[in-house]
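1. Here is my input, please return the structure:
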Amino acid sequence: MKSHSAITLLAGIAIGAIALQGLHAQGAKPKAYSVAELEILNASAQAAYLPIARKAIEAAHGRALRTTSGRVVPLDGTPPKNVAIVEWDSLDDAVAFYKSKAWTDLAADREKATKAIRRYVVEAEK
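-> Okay, here's the model as predicted:
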């Protein structure tokens, strides 16, 4: 009889854990990715700017994917010369960062280093 009780207890714990995980997943916001299509204006200014920008991004819980100097391969249309991609926990986090004082304070250094052709945030599906 004790083994049935233990099995029932373990099954109840497992079902509860699965249900709790499902509830957490329902409330989780989808990740978002900020994408900047860039033209490098000054390579040495960019080399000085990137570590500072990455620290600011990390402080805001973003994860720079370090694509700025990676190859861009065209599939359709004309690709940008350089692309910077950052992963965020949510669209709200990304937008908050780009409206933040930390981002604004980097403007002068950023404008010496790069010219943004286009910058946007894309929300992933749940």
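2. Touching stretch 119-126 from outside, list them.
-> 25, 28, 30-37, 88, 90-91, 94-95, 98 (Cβ atoms under 8 Å, 6 or more residues apart in numbering). Bear in mind the C-beta positions are built from the backbone N, C-alpha and C, glycine included.
3. Which two among those are spaced furthest apart?
-> 25 and 37 (32.6 Å; Cβ to Cβ).
4. Quick check: bridge partners of the most centrally placed residue in the chain?
-> The residue lying closest to the centre of the chain (Cα atoms, centre = their mean) is residue 87, at 1.2 Å. Here residue 87 sits in beta bridges with residue 33, residue 63, going by DSSP bridges.
5. which residues of the chain fall in helices?
-> 2-27, 43-59, 91-98, 101-105, 107-113 (DSSP state H).
6. Flag every buried residue along the second one.
-> Using 16 or more other Cβ atoms under 10 Å as the burial criterion, the residues of helix 43-59 that qualify are 45, 46, 49, 50, 53, 54, 56, 57.
7. now for the residues you listed, which pair is the farthest apart?
-> Using Cβ to Cβ, the buried residues of helix 43-59 reach their maximum pairwise distance at 45 and 57, which is 17.9 Å.
8. quick one: which of the contacts of stretch 119-126 is nearest to residue 111?
-> Nearest member of these to residue 111, counting by Cβ to Cβ, is residue 36, at 13.1 Å.
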